[in-house]
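Asks: I would like the atomic coordinates for the input below:
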Amino acid sequence: MEVFVNGNKVQIYRGMKVKHALIAIDQAIYTAAMKGAILVVDENGFTVGLDGELSEGARIFTRINNK
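Replies: Here you go, the predicted structure:
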């Protein structure tokens, strides 16, 4: 299935989660998200968890967490 992370196309399998899409782009992005340094948001600006479900064509973005 095809999803987008920060505008970059990623191929993942159905049932994979947000964390898998981040790992597919860059392990460092996933690590930063695990540490809370960045947030993941959907195309509407809502925060999504690393275990969040993704559907075909989903668009997620990373943002610096300004706590």
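Asks: ok, which stretches of this protein are helices?
Replies: 18-25, 27-35 (DSSP state H).
Asks: Need the mean per-residue confidence for the shortest one.
Replies: Read that as helix 18-25. Mean per-residue pLDDT for helix 18-25: 98.
Asks: ok, residues contacting that helix?
Replies: Helix 18-25 is contacted from outside by 3, 5-6, 8, 10-12, 29-30, 33, 40, 48-52, 54, 60, 62, using Cβ atoms under 8 Å, 6 or more residues apart in numbering. Backbone N, C-alpha and C define where each C-beta goes, glycine included.
Asks: Count the neighbours of Met16 for me.
Replies: 17 (other Cβ atoms under 10 Å).
Asks: wait, it sits on Leu54?
Replies: Yes - counting by Cβ atoms under 8 Å, Met16 touches Leu54, with 6.7 Å between them.
Asks: Please identify every residue contacting each of the two.
Replies: With Cβ under 8 Å, 6+ apart, Met16 and Leu54 have common neighbours Met1.
Asks: Check Lys67 and give its pLDDT.
Replies: In this model, Lys67 carries a pLDDT of 74.
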